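**Student:** sequence first, predicted coordinates after that:
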Amino acid sequence: MFKIVKRENELRAGKLQTMHGTVNTPFFLPIATKGAVKNLTSEELREAGAEIILGNTYHLWLRPGIDVIKKAACPQRSRLQGGRGGLHRFMNWNGPILTDSGGYQVFSLGPVKFRQGRTFAKGEGFNRVNLSEEGVEFRDPVNGKKYFMTPEKSIEIQLALGSDIIMVLDECPPYPCSKDYAKKSLERTTRWAERCFRYFHEQINKNKKKYKKCRPLLFCIVQGSVFKDLRKKSANQLLNMDFSALGGPASGWDGYAIGGVAVGEPREKMKKILQWVLPMLSEDKPRYLMGLGKPEEIVHAVKNGIDMFDCVIPTRNARHGSFFVRESRRKSINGNNFYRTINITNEKFKKDFFPVGKNCDCYTCRNFTRSYLRHLFSVGEPLAGRLATIHNLKFYLDLMKILRK
């Protein structure tokens with residue numbers, strides 16, 4: 001399912017085979033949390049060069065609901081696709097989809113004191129996240145409806161969505177947190193991972209005909225906050241499970257993710273965590289750094305052996321008029337001076353009739369000037385966010401092409 005095509009020191013270029021096609025690594029996942037990358041259609045994502053996207057179990061479970069997505073079909077393709085159901089058909093995306101387990105959203109939506117095991121006072125905190133060994137109870141922040149997410153439920157939802165890469169349910173500890181809390185958190189994450197692995201392979205074995213040619217991939221998540229011994233302990237526990245006894249192949253996980261590196265800790269901690277964890281992970285499986293990052297952080301991580309990334313930065317910055325611009329095609333991407341960001345709402349761009357990126361061939365830069373984009377943001381025109389998102393995602397996706405090359 002994963003093949004390293006070429007490597008240079010720790011940097012690796014490879015191919016990851018999924019149910020909906022092969023993805024070239026290293027790659028960046030545009031975030032389609034609720035079944036759409038904000039402001040863009042599936043066609044625009046393809047044109048920008050996206051090969052795989054990320055959806056979210058938590059949000060899609062709440063709205064529109066799994067029953068709706070199970071029955072979904074794209075009207076233009078339903079006859080050709082042979083049946084109904086799944087996130088791919090629902091959003092008309094024919095490439096691979098990775099789904100986050102929903103764990104991060106459940107914990108991030110609850111106050112920190114609640115995630116650390118304390119109890120709400122009456123009427124305090126609308127989400128009311130209750131964490132237990134069995135799973136997580138929470139309330140829909142829109143209507144107050146109560147939900148209960150277990151490791152098994154998370155896997156069940158992701159299988160129903162038709163995900164190509166499925167993440168285990170984990171507990172993402174906040175930063176800062178005590179070492180004692182981080183230890184208890186990672187141990188619960190390990191126990192939840194065992195339950196996810198067992199349930200996942202039970203369902204795959206029950207549906208052998210459906211998954212005869214190819215099945216979804218299951219990734220575990222290393223936690224442990226910023227503590228070296230806890231990070232190593234988490235990785236050891238995940239790597240040394242009795243996978244056969246849990247009902248799956250002895251080879252274990254299909255890939256490894258490193259979580260808890262984008263929840264408020266200093267960026268330098270990320271580099272340390274990679275130093276601690278990466279030497280422990282099998283080299284013949286993909287490695288996923290969750291939630292990062294800035295372009296220079298991605299470059300650093302790729303050079304240390306990371307294959308997969310996701311982050312809200314390109315789309316979030318775009319909605320605020322912040323554009324990523326490559327300084328020069330000839331300039332090395334080492335360090336952090338190979339690009340800059342410009343705020344298009346600045347007065348100096350009012351009569352600037354050049355494209356945002358002189359070295360960019362995205363739809364936005366081929367067709368519009370800085371002056372026009374500034375105007376769109378100044379008058380609150382929704383097209384502004386669309387064009388900015390197209391450009392920023394193209395910047396990130398092109399960066400991954402450069403790293404692969």
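**Tutor:** Noted; the coordinates are in hand.

**Student:** when you work out contacts or count neighbours from here on, use the C-alpha atoms and nothing else.
**Tutor:** Will do.

**Student:** for the helix or strand that contains Tyr396, buried residues please.
**Tutor:** Assigned by DSSP states H and E, Tyr396 belongs to helix 383-404. Neighbour-count burial for helix 383-404 flags 384-401, 403-404 (criterion: 16 or more other Cα atoms under 10 Å).

**Student:** elements contacting it?
**Tutor:** Applying 3 or more Cα pairs under 8 Å, 6 or more residues apart in numbering; DSSP states H and E, one finds that helix 383-404 contacts strand 27-29, helix 42-48, helix 295-303, helix 313-319, strand 322-326, helix 363-367, helix 370-378.

**Student:** let's check: the centremost residue of this protein is which one?
**Tutor:** Nearest residue to the geometric centre of the chain (Cα atoms, centre = their mean): Asp310, 4.2 Å.

**Student:** ok, that residue - contacts?
**Tutor:** 28-31, 54, 289-293 (Cα atoms under 8 Å, 6 or more residues apart in numbering).

**Student:** who wins for neighbours among those?
**Tutor:** For those, the largest neighbour count, defined by other Cα atoms under 10 Å, is 28 neighbours, found at Phe28.

**Student:** isn't that one up against Tyr396?
**Tutor:** Yes - at 7.2 Å, Phe28 counts as touching Tyr396 under the criterion of Cα atoms under 8 Å.

**Student:** for Ala160, see how far away the nearest residue to Val129 once chain neighbours are set aside is.
**Tutor:** Take Val129 and drop its neighbours on the chain: the residue closest to it by Cα to Cα, 6 or more residues apart in numbering is Phe138, 4.4 Å away. In this structure, Phe138 and Ala160 are 21 Å apart, going by Cα to Cα, to the nearest Å.

**Student:** how does the protein divide into domains?
**Tutor:** In the domain annotation for the chain, the residue ranges read 2-310, 322-404 (automatic domain parsing).

**Student:** worst mean pLDDT among those?
**Tutor:** The weakest mean pLDDT among the domains of the chain belongs to domain 2-310, with a mean of 90.

**Student:** return the distance of it from the chain's centre.
**Tutor:** 7 Å (Cα atoms, centre = their mean, to the nearest Å).

**Student:** return stretch 157-175 as PDB; C-alpha atoms alone will do.
**Tutor:** This file holds the C-alpha atoms of stretch 157-175, laid out as PDB (Å, rounded to 0.1, in the frame of the first residue of the first chain):
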ATOM      1  CA  ILE A 157     -18.900   6.500  11.100                       C
ATOM      2  CA  GLN A 158     -15.700   6.700   9.100                       C
ATOM      3  CA  LEU A 159     -16.400   3.400   7.400                       C
ATOM      4  CA  ALA A 160     -19.900   4.700   6.500                       C
ATOM      5  CA  LEU A 161     -18.400   7.800   5.000                       C
ATOM      6  CA  GLY A 162     -16.300   5.600   2.700                       C
ATOM      7  CA  SER A 163     -13.000   7.100   4.000                       C
ATOM      8  CA  ASP A 164      -9.800   5.900   2.400                       C
ATOM      9  CA  ILE A 165      -7.700   6.700   5.500                       C
ATOM     10  CA  ILE A 166      -9.300   6.300   8.900                       C
ATOM     11  CA  MET A 167      -7.800   7.700  12.100                       C
ATOM     12  CA  VAL A 168      -8.300   6.100  15.500                       C
ATOM     13  CA  LEU A 169     -10.100   8.100  18.200                       C
ATOM     14  CA  ASP A 170      -7.500   9.700  20.500                       C
ATOM     15  CA  GLU A 171      -7.500  12.100  23.400                       C
ATOM     16  CA  CYS A 172      -5.600  15.300  22.500                       C
ATOM     17  CA  PRO A 173      -4.300  16.800  25.700                       C
ATOM     18  CA  PRO A 174      -4.200  20.600  25.900                       C
ATOM     19  CA  TYR A 175      -1.000  22.600  26.200                       C
END
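
**Student:** sweet, I'm off.
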